[in-house]
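S.K.: Model the following, please.
(chains A, B and C, ligands or ions: 2)
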Amino acid sequence: MRQQLIQALVALLLIAAILLGVEFGVREGYLKAYEFPPASRIAQGFVELTTVGFPTGVTIWTHTFVTVMRILKGYVAAIVIAVPLGLLIGAVPVLDKMTAPLIVFFRSVATLSLLPLAIVWFGAGELTKVILIGYGCFWVMLSNVIAGVKYVDPALIRAARSFRVSGWTLYREVVLPAALPRMFAGARVALGVGFMVIVGAEMIGTIQGLGALIMEARSFYRSEITVIGMLVIGVLGFLISSGLAAFERLLLPWGGGSSEASR
Amino acid sequence: MSRTGPERASSAAGAAPMIDIRHVRKQFDVRGGGEALVLDDINLSIAANQFLSIVGRSGCGKTTLLNIIAGLDAASGGEVLIAGRRVVGPGQGQGMVFQQHALFPWLTALENVVFGARSLPLAKAEKIDRARELLQLVGLEASAGKYPREMSGGMQQRIAIARALALDPDILLMDEPFGALDELTRIEMQQELLRIWEARRKTVVFITHSIGEALTLSDRVILLAPHPGRVARDIAIDLPRPRSRTDRRFNEFYEQIWSGLSS
Amino acid sequence: MRSGSRMGDAMWGLAGILIVLAAWELATRLGAIDPTIFPGPIAAIRSAAQRLPASVFLDNMAWSLFRVVGGFILGAVAGTVIGFAAGWYRGFGYFARPLIELLRPIPPLAWIPLAIIWFGLGEPSKFFIVFLGAFFPIVTSAYHGITHVDPSLIRASRSFGLKGLGMLFHVGIPASAPDLATGLRIGWGLSFGVLVAAELIAANRGLGFMIMNERTSGGSVSVIIVGILLIGLLNLVTDAALAAFIRRWIGRWHGG
Ligand SMILES: Nc1ncnc2c1ncn2[C@@H]1O[C@H](COP(=O)(O)OP(=O)(O)O)[C@@H](O)[C@H]1O
Ligand SMILES: [Mg+2]
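M.R.: Residues are numbered from 1 along each chain as shown, chains lettered A, B, ... in the order given. Ligands and ions are numbered 1, 2, ... in the order given. Presented below is the predicted three-dimensional model:
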């Protein structure tokens, strides 16, 4: 308790000191405002972003909404495909052996390296962005679903078999619940991947979305807007992953959570 | 069941045995080719309602033998009969308590016990009634709604026993069930088990590392010798219950088993 | 559910790869997909080789590798030192933790504009982005490792008279090695992905640049496809090398 208090106090003082330091440094001419936007400018920029928008007419809320929708579309599509497929592959050893090296390879392909190809195939519009997010989330989710199913504690399977539970019932009532924590962990990591991909994907060929905002702002020498965009992305990512963790605790009250996922 | 043969020699009672293990052999494929003989020509007849313990060094094949009796693993040779019927799988009257309790972490205590009754042709409500009764038998009716991780090791093992009893098995197979418990809890659990055994009249095959535990509980102690696993001694313990560890004959048996194990 | 020999597994895996390659090749031959925008594997490699000499591929690959290794090493060293220090010295932790927690949710790619503002369009800005990709997972795992050392190990070593730096180097750091190893693997994967993205967005050499340039200059899809496959293979091989290194380092006592 006392330690938390000290920690909070130090954190507040530290951040205040950094903000004041930059503010002061810029006023006195030690720092360039363009390189280190001071808090006062950031605050002004935020007001501008919420009212006028940047570029004019596109407010921060629009940018955020556009980004969130893109992530959601790709993410949900990836999970909807990856979960049943992973459940199948994890349950059929031959399928698992045949797909294992392929999955490792597809996961190793840096998602954004697909951008040029995706533009050739789907154009530079919405679809390309959603597909890239979907690709990144899909492989992470798929490998975690497979691992979840495959590495169920054999002792639990034996226990179930000793009660003459086998086949489909065994899969539904033992394998599936035992795999859930790993699947949730995968969903969490996949969301992180989605956030990472969207920022890169939005830096090319669009003016809407947080990735576009921070990149556009730089070319207009509005670095304070870039910083706001970064902060909004950070807060958004933090909120969504906390929300997912809370959802997981709600769904898995037996405390299966906090399982390690692999990327 | 009027077969005659050398395997009847070790039959404890004159009546048809509850469990009849005949010439059971088990070998495993070894990594990189070859086979390892783990059990060699095991013959045992276990009378109904007998409490039999198996002691032996780690790795001598105790778990393997128990799994074969449980119908979870197939023998490489020989056969196991339960009440005259050849064992082809679980659910022929065997109930199993595992070394690491193997409770399903996503089910509450009550739900775990209900799971044990899964393959019974009963209505859900009847299964729940039966599970409550069993929780009462092991003294945990108050913890029905708790998840395994919210319970102590002793409580978890009691739930595992209740779960094993849910199919109303004739035979209780227990694989070092109290091995992970502290000495005091262990002694309590031994008394508890004897009480349940007397209340429900089961045939018990109990594996343990502890000579004292085997002597406190059993009518009969089997010493399994390693490499390959085979019956080295078969000792009838004709001491009245409750047994005292300071009793002279208790200690004579102790010496006898100890010398059998260390030779 | 896990059985069979390693050889058998490899054969099945190979079969899976061959099936996918054959399906891809067949789909283009039978006209199920348009070979001008999605050439088959054989055609893609042949026409990529015709269009660009191998030295161009190798050159770009070398640049990418140089950046990712350089940035990763910087990030790994900084992440390890800061993570251990923040977990071991409470006072330092008070200062380091809030900054790390505050910055961690910002994806490394979101730093690209600031990286350009601070470091220009040259190499330092790529190093910086890769550095961030490696730094956050590694600092987090180093911190987690050192703050979760089994207390009985600490007490045991104290009873042998170990304290201060001796305790840190002989107990704290070895005990956190498995956590750190996990962080290194994640950090490597992230560094790699981030680098390719950074090269796509702002660079004039490297594999990411090569494929993006091919697209914007209206070049050949074949080069893009071969480039993507190269990126995947490079990541795969280097990650396997890192995993082998980690196994040699801690595999004997930590297993797996
Ligand atoms: N599935 C298996 N594959 C190969 N060897 C096994 C397998 N299960 C058990 N063994 C081997 O059989 C021997 C007996 O094992 P086990 O029955 O578990 O011994 P115990 O329970 O007496 O400690 C051990 O040497 C073990 O390594
Ligand atoms: Mg055993």
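S.K.: Excluding chain neighbours, what is closest to A:Ile225?
M.R.: Taking Cβ to Cβ, 6 or more residues apart in numbering or on different chains as the measure, A:Ile225 lies nearest to A:Ala217, with 3.6 Å between them; neighbours along the chain are not counted. Just so you know, the C-beta spots here come from the backbone N, C-alpha and C atoms, and that holds for glycine as well.
S.K.: Which neighbouring elements make contact with the helix or strand hosting the one you found?
M.R.: Here A:Ala217 sits within helix A:210-219, counting by DSSP states H and E. Judged by 3 or more Cβ pairs under 8 Å, 6 or more residues apart in numbering or on different chains; DSSP states H and E, the packing partners of helix A:210-219 are helix A:60-91, helix A:176-202, helix A:223-251, helix C:112-119.
S.K.: Okay, now the unreliable bits of chain B?
M.R.: Counting by pLDDT under 70, chain B contains low-confidence residues at B:1-15.
S.K.: show me where it has strands.
M.R.: Secondary structure of chain B (DSSP state E): strands at B:19-29, B:35-46, B:51-56, B:77-82, B:85-86, B:94-97, B:171-175, B:203-208, B:220-225, B:230-236.
S.K.: Put together CSV for those strands, with distance to chain A and mean neighbour count on each row.
M.R.: Formatted as CSV, those follow (distance: least, Cβ to the nearest Cβ, whole Å; neighbours: other Cβ atoms under 10 Å in any protein chain shown):
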stretch, distance to chain A, mean neighbour count
strand B:19-29, 15, 19
strand B:35-46, 17, 19
strand B:51-56, 18, 24
strand B:77-82, 14, 18
strand B:85-86, 15, 11
strand B:94-97, 4, 27
strand B:171-175, 8, 24
strand B:203-208, 13, 25
strand B:220-225, 21, 22
strand B:230-236, 24, 16
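S.K.: what would those strands look like in CSV with distance to C:Asn204?
M.R.: What follows is the strands of chain B, written out as CSV (distance: least, Cβ to Cβ, whole Å):
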stretch, distance to C:Asn204
strand B:19-29, 58
strand B:35-46, 62
strand B:51-56, 72
strand B:77-82, 72
strand B:85-86, 77
strand B:94-97, 67
strand B:171-175, 67
strand B:203-208, 70
strand B:220-225, 73
strand B:230-236, 76
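S.K.: Output those in CSV; the columns should cover distance to ligand 1.
M.R.: Written out in CSV, the entries for these read as follows (distance: least, Cβ to the nearest ligand atom, whole Å):
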stretch, distance to ligand 1
strand B:19-29, 3
strand B:35-46, 4
strand B:51-56, 6
strand B:77-82, 15
strand B:85-86, 22
strand B:94-97, 14
strand B:171-175, 7
strand B:203-208, 7
strand B:220-225, 7
strand B:230-236, 12
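S.K.: So what's the residue count around the residue lying closest to C:Arg51 once chain neighbours are set aside?
M.R.: The spatial neighbour of C:Arg51 that comes closest, neighbours along the chain excluded (Cβ to Cβ, 6+ apart), is C:Ser220 at 5.2 Å. For C:Ser220, the number of neighbouring residues by other Cβ atoms under 10 Å in any protein chain shown comes to 19.
S.K.: what's the spacing between the residue lying farthest from the centre of chain B and B:Ala214?
M.R.: What lies farthest from the middle of chain B is B:Gly32; by Cα atoms, centre = their mean that is 33.1 Å. Taken as Cβ to Cβ, to the nearest Å, the spacing of B:Gly32 relative to B:Ala214 amounts to 37 Å.
S.K.: do the same with B:Ala36
M.R.: Taking Cβ to Cβ as the measure, B:Ala36 and B:Ala214 are separated by 27 Å.
S.K.: do the same with C:Val139
M.R.: Here the distance between C:Val139 and B:Ala214 works out to 54 Å (Cβ to Cβ).
S.K.: Give me the below-cutoff pLDDT ranges for the chain.
M.R.: This is for chain A. Counting by pLDDT under 70, chain A has low-confidence residues at A:256-263.
S.K.: Please refer instead to chain C.
M.R.: By pLDDT under 70, the low-scoring segments of chain C are C:1-5, C:256.
S.K.: can you pull out the helices in it?
M.R.: Ranges of helices in chain C, per DSSP state H, are C:6-29, C:41-51, C:54-88, C:90-103, C:112-119, C:123-147, C:151-159, C:164-167, C:173-201, C:207-216, C:221-254.
S.K.: Tell me the buried residues in the third one?
M.R.: Just to be clear, that refers to helix C:54-88. Going by neighbour count (16 or more other Cβ atoms under 10 Å in any protein chain shown), the buried part of helix C:54-88 is C:57, C:59-61, C:63-65, C:67-68, C:70-72, C:74-76, C:79-80, C:82-88.
S.K.: Nearest residue to B:Val87 in space, please, no chain neighbours.
M.R.: Excluding the flanking residues, the one nearest B:Val87 by Cβ to Cβ, 6+ apart is B:Val80, at 4.3 Å.
S.K.: wait, what's in contact with that neighbour?
M.R.: With contacts taken as Cβ atoms under 8 Å, 6 or more residues apart in numbering or on different chains, B:Val80 has the following neighbours: B:19-22, B:24, B:68-69, B:86-87.
S.K.: near chain B, which residues of chain A?
M.R.: Residues of chain A lying close to chain B (Cβ under 8 Å from any Cβ of the partner chain) are A:153, A:155-156, A:158-165, A:169, A:173-174, A:177-178, A:180, A:252-256.
S.K.: ok, 7 Å please
M.R.: For chain A, the residues in contact with chain B (Cβ under 7 Å from any Cβ of the partner chain) are A:155-156, A:158-159, A:161-165, A:174, A:177, A:254-256.
S.K.: Just the buried residues out of those, in ChimeraX syntax.
M.R.: A single ChimeraX command is used to select the members of the residues of chain A next to chain B judged buried by 16+ other Cβ under 10 Å:
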select /A:156,158,159,161,162,163,164,165,174,177,254,256
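S.K.: Can I get the residues of chain A next to chain B in CSV including distance to B:Pro177?
M.R.: Rendered in CSV, the data for the residues of chain A next to chain B read as follows (distance: Cβ to Cβ, whole Å):
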residue, distance to B:Pro177
A:Ala155, 13
A:Leu156, 16
A:Arg158, 14
A:Ala159, 13
A:Arg161, 18
A:Ser162, 13
A:Phe163, 17
A:Arg164, 21
A:Val165, 21
A:Val174, 21
A:Pro177, 24
A:Trp254, 22
A:Gly255, 24
A:Gly256, 24
